[in-house]
Structures are given as C-alpha cells and as structure tokens.
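A.B. asks: Here's a sequence, model it:
(2 chains)
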Amino acid sequence: MPSGPHSITSAGAALRSGEKTSVELLAAVMSRAEMTESELHCYLNLDREGAMAAAHRADRELGRGQDRGPLHGIPVAVKDNMCTRGLETTCSSKILAGYRPPYDATAVARLREAGAVIVGKTNLDEFAMGSSTENSAYGPTRNPWDTGRVPGGSSGGSAAAVAAGSAIAALGSDTGGSIRQPASLCGVVGLKPTYGLVSRYGLVAFASSLDQIGPLTRTVRDAALLLSAVAGHDPADATSYAGQAPDFAGSLDRGVDGLRLGVVKELGGQGYQPEVSETTEEMLNMLEARGAEVMEVSLPLFDVALSAYYLIAPAECSANLARFDGIRYGLSIKGPTASATMGETRAEGFGPEVIRRILLGTYALSAGYFDAFYGQAQKVRSLLLNEFYEAYGKVDVLVSPTSPTTAFRLGERTQDPLAMYMSDICTIPSNLSGHPAISVPTGLDSQKLPIGFQIMAPALGEEIMLAVAAEVERLAGFDALPPPALAPPPGVPL
Amino acid sequence: MKWEPVIGIEVHVELDTDSKMFCGCQVSFGDPPNTHVCPVCLALPGSLPVPNRKAIEKIIQLGLALNCRINPGSVFHRKSYYYADLPKNYQISQFDVPVCLDGWLDVESDESRFRVGIERVHMEEDTGKSVHVGEGGRIHSAAETLVDFNRAGTPLVEVVSRPDLRSAADARTYAQELRAVVVETGVSDARMERGSIRFDANVSIRPEESLKLGVKVEIKNMNSFRSLEKAIRSEIERQTALVTAGERVVMETRHWDEDAEVTHGMRTKEGSSDYRYFTEPDLAPMVFDSSWVDEARSLLPELPALRRDRYRGMGVRPAAARVLASSDPQLRSLFEEAVESGADPVAAGNWVTGEVTASLRRREVSLEGLPLRGEQIAALTRMVSEGLVSAGAAREVLEGVIDGEGSPSEVATRRNLLQLSDRTALQQVVEEVMAANPEAVERYRSGERKVRGFLVGQVMRSTSGRADPRAVNEILSARL
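C.D. replies: Residues are numbered from 1 along each chain as shown, chains lettered A, B, ... in the order given. Have a look, this model is predicted:
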C-alpha cells in the first residue's frame, strides 16, 4: 500500500513507535510552511501557539497510553470557512477581517476530540466561490507544482498545503467541486462525502443544499481516516444524516474485481485536455485488467448541470450572505441610517465574484423570474437525480476525469467567469445529487502537472467508492512530488 | 352608493415554548437586552437552525382548534428582506405549504353569530426589537437605534383569516374569540400588553352589490381590541370619503396612531416588496403522521364555542355564557365548582360574570390567591334565593368572603347582614312603626294606597335594611 512521505498512517506509526513526537511532526510541518509560504501562500493564519499546545497535549496523552485514534497528534490544516473558536475565521473576505468565532464548527470540534493538531487556517476563494483561489481578498495561493499556476479552488490553500507538506492532511469544503478540483490540480486525494454525512454546523454557508466538508490528503487511506474522524450525526445540523456512518477504511483492500464502472459519456471529448483523456483511458484499461467491468453510461442532463448549479448556488448564497451587514460583527462602515450602513459595508466588504453571485441569485429568485430560473433549475436537479438513480441501477460507480484540464495559469481565467465555471463541469453533478465523489491523482501531464481521476458513487456509497479509489491509487503508483524547492524532501520529516 | 367594508385579519401569536424556534435559547420577556442569545439566533457565520418540536406540536393544536386541515407534510421557506433587527436578513417562515390550511372559527356577539374562514396557520420566527433612543425617540428622529435580540427567534404563529368580516365590531369580536382559543389550547398566554399577540387588518371597501374586492390597505400597530376596532372603523371612513370624493384607494400599509386615532401612511417602499421566497435548505421537510395528528385532536381541550353552548344548555343567560366561555380559566372553574356545589347555574353565571368580576376589577387583582371558592358562590346564591340576605347585602357578603372573613353565613352574621324574616320579631317592628305613624296608617286606611310604601320604608329603616321585604308586606297587609 502506498504511503506518502507525510501520510496520517505513516506519521501515526512513527508517533506510536516513539520514533517521532507530535511536537516534532508539527515543527517539521511549520518549518515546511516557513520555507514555502512566501511563495505559495497556503495559509491565511498559522496558529503556532494553539498548535504547539495541542501537540504537547497529544504527546502527553500518547505518552501515558491514552490513544484517541489515527488523528491523534497529526498536524491538520482547516479551510478558513470553518469556525475555529477564538481563531480568526475570514472566509478570505474583507467583510470578516478580524472575526473570531465564539465556537468551533462541529467538524473542527471532532478533529480536536480526535486529538488532531490544528495547524492553521487555509486560503480559499472568498466564501468558497471560485475554482482557482484567486478570489481571495488576501491574495492567491500558488500551485506547488508550478507557482505560475493556480492550485484550483476553492479549497486551494488546503490542497496546496498537503501537496507541499505544510500539513499532513486538511479539511476542505466542496459545493461544486471545491475539494476535488484543487486536489486534482495539486496531485492529492480529495473526497466529497454524501451530503449530510459531515455536519455543516460552523461551516460558513455558501450554498446550504450543496456544501459538504471533506478531507484532502496524500493517500486514499488517509481520506478514509480523516472522514471517519469528522463524520456522523450532529443534532445541531438538521440536514445531518441520522444513521450510523459506514466504516470508511474497511474496504480499501477489496479491489475492483466484479465491480461495474460506468464511464460518463458526457464528461470527456471536446474541451478536455488530450493528456487528461488519455490518462483516464489508461486507468480504465488497468482497472478492467483487475477484473472491473467497464462500460459507457450516458447521463444527458450532465450537459445542463452547470447551468442549474449556477442558478441554485447563487440563489442560496444570496440569502446566506445577507447576514453580513455590518450590524453585529465583521466589517462595519457606518452610514447615516441602518440601511446605508448595510449597503456600504457590503459594497466595501465583498469582492467582485461574491457580488456577481449575490446579484445572480437575487435575480433568479425575484418575482416574475423565479419559475424561469430557480424553479427550472430545481426541476433539472430532480431530473438529474433520476438519471443518477437509473445509472446506479446499471453500475456500481461512475468515473470521469476530475477536471477537464490540469492546473491553469494565474490570471488565465479571471477575466472570463464562464471559462472559470467550466473548471467544475465534472464535479458539479455530484453536488446537485448529494452523492459522494473522490479525486485520486493518476499521473502527470507533459508539463509535470498532476491529473486527477474522479469516482462517483450513490448516496452513502463511500465504502465502494473508496475501494475503487484505493485500487486506482495502487495502479497509478502516483508518488511524484512537486519540484524540490516546494515539495517536502521524500522521507522527511519522517 | 352604499359601500361595504371587507376585512381580513392577520394575527401573530408568540408561542409559549421554553426555548426559541430554532435554537435552545430561553424565550423571555423583560430581561436585560441580549442575554438570551446564541450563535443561531444572532445569525453568526456558520450557525444552523434546528426546529423546535414543541412549537410544531403547538401550531398543530391551534390548527386543529381552528378546524384546519393539517398538511401531511410542510416546508419552511426563507423570506428575504433587510432589516437591522432581523439577524439573518431573512426570516424563516412558510410560503406555499403551511402547517395548517382551510379552517374556520365560529364567532358570536350580542348582535350576531357568524363563521370566519381561516385561510392558513403557519409557523415562523420573531425578529429582534429595535429600540430608538435619544432625541425624538421615534425612528426618524432618534439619535441612535439599539437592537435587542432576546426576542429574535421566538416561535411565532401567523393565523390568516379569509376576508369574511364586514364590520369593525365583528373584526374585534373575531379577534377576541381567536385570542380565547389561543389561550384555551395553551399555545400562548397571548398577552397583548407584551405583544405576544398582535393583530394586523386588511381593509377594503366595495359597492354593496359588488362581488369584486376593492383595493386593500393593511393597517398595523393596534395594541388592544379597542384600538383594532377603532382603527378599522377609521380606515373604512377614510376609504369611503376617498371614493365618495371620486378619488382612488392606493394599496399600502398604514400605521394606527393611538393618540390621534387616525391611520398614517408609512413611507412607501420603492416598488412592491419582493421577499424572494425559496425553500429553506437548512431544514428538511416536515412530515406529520396522521395517527399522531388524530391523537393531538383527541387531546384538544373544550373550546370556547362549544363551552358557550354547554353553558347555555345549563340555562346560563347568553351574554353571561359568552363571557364565561372565554373568560380566564380560574373564573370559569369558580363558576363550574359553584354549579357542582349545587348553585343554580343562572344565578352562579350572573354572580361570576357580574359581581365577582366587578369586584376583582375594582381591586385590580386576579382570583389567584384569593379565598373565594365555588362552594361559597353556591352558598351565597342559596342565601339569596332563600331570602336570608337581600341582593344588596349579598354583595357585601361577597366582599367579606373575598376579604377572607370566612364563609358567606359567617360574614353575614358577623356583619349583621342576615335578613329578619322571623315573624314575631318583624311583627313587633311593624307594630312600633304603626304606633309611631298613626297619621299615615289613617291615610292608608282611607284609601291612599301609596302610603304603604312609606310604611315599608320605615320598617326597613328601623331594621337597617335587614327586614325581608316580602314578610314585611305580608304582615303589614294583615295589620292594615
């Protein structure tokens, strides 16, 4: 089983064998951050003191045999749209500059209970709206594989930190591909769980019916371990799944023998970088050789999923972001009246992409336009779900590239929102259906940029999805690292 | 042309739950500002609503009491508008799938009995409270505005009537009846002075023979039943004057000015408001099990309309039955206990709705903690019917009982209020009066019948009013 130089699994083994302490793991991660941050800007905020205290506590606990499980003592980064008690949480927006939440998001609290060491808060597109992390009010994150390129987004800070070794693992959030697409562009594993599996309490909402927290890690096993730590019912989230969470790491060695893999016809061909298509094709051949039954499946509504998404997500965001009004917290630009205060604060506090989406959403929900836009999009959403059900009657999982292209250059798509939106063409359908999906690195293109392979599964189908992902990981043998200046030297800090 | 008013009433009721609609904060009134708040009701980033099951149970009870159909499933919506005391800048409310639909309420006044259709009863959350401080103290002249979020998120039920009302008086009667149902079902204490029940009215007028509805005006800010009635009356007059003068009524929201007793147009918003309703994605649709709804129905208390009929069936005067049926539960159980202790229902009804209520009002107290019991009312009515005390003396006995002086007979004895119906004693008094007024006796005997009244009066006077007038008359007749 491949185990990257910084995996949760290998670091955990080193902790338990006494070879390393949590404080040493943290020091290594922090020194990586010091070396790379000026170039990459993965973090908005490194919590040196808090992390060091947590690492010492983990060492004390492990020292007296109190083992909280696989995450105990492991340095983990958290995307800055999850609330961390007393630790600045900005969503990369000026409107929340200096905001310190009085509570931990449930996922963060669970990380702490699992003994994880929270390294800091990672950069993102403002309020998770974007596919390149260029929409951060605090400057973009760069891709460790090529600093002239974007890491993807919106969880670009988390993906780049894991790729660069300035975190062993990270939490991201995925509304339209925001975990999987940056994972693909940074050569790491990114998993979006079934909607409801991980509590959204404390995740600053972008589009409530689509948002889901999930892991970005170096290995498939790590993704399963991190997901296990944060998943499970939360009474504070009324959309949280009430049943028992599956055993995510239990099926990793199952293989793909006898599994039916559906290749989504609509996710390929024109507009896809040839090397991405070729690598995907090769992987399918290898999977077939391992006993999987590979067939093409057509889901015609995938062609309009993007349009439906860009009505539903902005509509929800237009209401979700209404609370940022300068009255109770965050940026406040006082005007002569309450309504002037709200207007001026919002105009000053939100960046252009956020304003664009609020306007789109407000328009889509307006009287007279509702039926044509939001109403129609919801119909597409439910029809799309039917297509998924039908497909999952024929196959166990659906597969595709994660992103049509490898990492693009900074500034390449910022002036063309539609080109930017196309980056998420492969990932959006699973958000609309609420189903789980994962991106696993499969290789590099001719410019030494990572290519990701996506596996989608039906609701609560994480186990079978992870089984396929683990096989893809074994077959790909992806152990490449970013260029030496920005990558952790193999074997170090372990 | 004669104009007919068409009125519909929207009622907001704050539910009597321990905690708020979507978080665990205590529902409170009058506590220091912003002491019952949390990330959810302050709309801090990342917080999420979780519905209060008790509140849902209560709205279903109210819906059943209002003869509504309970939707098998119901959905929350977001209603968007920006206001400083609305923390999320949207209110979680309901739109096209409310919890309760299509009910009615039977209403009765001295003049009429009528049925008012209930269009819907839906669940939402209350806002915070803006406090305008400094200078004028009103919104446009205040130095600054402070917001108290203690009330934000309090469960709120909105009851929307159909436009079935035709007069300001009927609107008031409907509002009173609805409040009685709200109190009866225990969904709220519905205290108007605390704003825990609030009424808005939609008023339009149309030519009497027309079936088409006129342009409707919404009036707000009425804080008593009296001002609700007055505001509607004033609005009907305003609209009638407008159309009579050939002008048109404009669709708007108007504020009732309690002091000036007129409605004022509120600053008109640019364009009509668009709340951009859409399904609340943070909350799953609600599903109500029919057997659970049936059980809730079987647990409904006796409602005012039914109780009114029952009291009337017992013989209680209609007006008293109406008052009793929707009076506060303590007063009602006083009546019921009196009847159980053998009181004549007619007399007990009159006493409880009359003298007892008047006395409590004079004393500005409620029955709570007072020593007045149903059996004492029963004893009192019996003493009156048996002629042991006069009607006037009985009122004084009641006061003594309320003052804790003991049972009615103890009070009557101690305060010397028992009627003299002892024949021998009265005979004695009559003899004395006749001896003292020979002239009057003579005039009576010579046919001047009205002098009899004077003689009765003299007897009553010398017995300090305690003589039983019937017995006095009999004795006098015999002696004269």
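A.B. asks: So the spatially most central residue of chain B: helix, strand or coil?
C.D. replies: Compute the mean C-alpha point of chain B, and by Cα atoms, centre = their mean the closest residue is B:Gln176, 4.6 Å away. Following DSSP: H, G, I helix; E, B strand; the rest coil, we place B:Gln176 in the helix state.
A.B. asks: Near whichever residue of the stretch 351-494 of chain A sits closest to chain B, how many other residues are there?
C.D. replies: Nearest residue of the stretch 351-494 of chain A to chain B, counting by Cβ to the nearest Cβ: A:Leu365, 3.9 Å away. C-beta here means a position set from N, CA and C on the backbone, and glycine is covered the same way. Taking other Cβ atoms under 10 Å in any protein chain shown as the neighbour definition, A:Leu365 ends up with a count of 25.
A.B. asks: How about the contacts made by it?
C.D. replies: Shown in contact with A:Leu365 (Cβ atoms under 8 Å, 6 or more residues apart in numbering or on different chains): A:Ala315, A:Ser318, A:Ala319, A:Phe373, A:Tyr374, B:Ser80, B:Arg276, B:Tyr277, B:Phe278.
A.B. asks: Nearest residue to it in space, please, no chain neighbours.
C.D. replies: Computed as Cβ to Cβ, 6 or more residues apart in numbering or on different chains, the closest residue to A:Leu365 that is not its neighbour in sequence is B:Arg276, at 3.9 Å.
A.B. asks: And that neighbour, which helix or strand is it part of?
C.D. replies: Take DSSP states H and E as the rule and B:Arg276 turns out to sit in neither a helix nor a strand.
A.B. asks: Find me the pLDDT at it, would you?
C.D. replies: If you check B:Arg276, the pLDDT there is 95.
A.B. asks: Do a quick rundown of the helices in the stretch 51-200 of chain A.
C.D. replies: All helices of the stretch 51-200 of chain A, identified by DSSP state H, counting those that start in this stretch, fall at A:106-113, A:156-164, A:180-186.
A.B. asks: Now do the same contact list for the residue nearest to A:Leu365.
C.D. replies: Under the contact definition (Cβ under 8 Å, 6+ apart), the residues listed for B:Arg276 are A:Ser318, A:Ala319, A:Thr362, A:Leu365, A:Ser366, A:Ala367, A:Phe370, B:Arg78, B:Lys79, B:Ser80.
A.B. asks: from the residues you listed, which ones fall inside strands?
C.D. replies: Using DSSP state E, the members of those that fall in strands are B:Arg78, B:Lys79, B:Ser80.
A.B. asks: Residue 151: neighbour count?
C.D. replies: Reading this off chain A. By other Cβ under 10 Å, the residues close to A:Pro151 number 36.
A.B. asks: that's the other chain; I wanted chain B
C.D. replies: Residues near B:Arg151, counting by other Cβ under 10 Å, number 22.
A.B. asks: right, and it touches B:Glu125 too?
C.D. replies: No - in this structure, B:Arg151 sits apart from B:Glu125 without contact. The criterion is Cβ atoms under 8 Å, and the distance is 9.7 Å.
A.B. asks: Please, where are all the strands along the stretch 251-400 of chain B?
C.D. replies: With DSSP state E, counting those that start in this stretch as the criterion, the stretch 251-400 of chain B has strands at B:252-257, B:262-265, B:278-279, B:286-287.
A.B. asks: thinking again about what came up before, narrow the contacts of B:Arg276 to those that are buried.
C.D. replies: Buried residues within the contacts of B:Arg276, counting neighbours by 16 or more other Cβ atoms under 10 Å in any protein chain shown: A:Ser318, A:Ala319, A:Thr362, A:Leu365, A:Phe370, B:Arg78, B:Lys79, B:Ser80.
A.B. asks: Pick out the residue closest to the middle of chain A.
C.D. replies: For chain A, the residue sitting closest to the mean C-alpha position, by Cα atoms, centre = their mean, is A:Ile179 at 1.9 Å.
A.B. asks: Thought A:Gly214 was touching that residue, still the case?
C.D. replies: Yes - taking Cβ under 8 Å as the contact criterion, A:Ile179 and A:Gly214 are neighbours in contact, 4.9 Å apart.
A.B. asks: shared neighbours of the two, which are they?
C.D. replies: By Cβ under 8 Å, 6+ apart, A:Ile179 and A:Gly214 have these common neighbours: A:Gly172, A:Ser173, A:Gly190, A:Leu191, A:Lys192.
A.B. asks: In those, find the pair that's most separated.
C.D. replies: The distance between the two most remote of those (Cβ to Cβ) is 11.7 Å, for A:Ser173 and A:Leu191.
A.B. asks: Quick check on those two: which one has the bigger neighbour count.
C.D. replies: Shown here are A:Ser173 and A:Leu191; by other Cβ under 10 Å, A:Leu191 has more neighbours (31 against 27).
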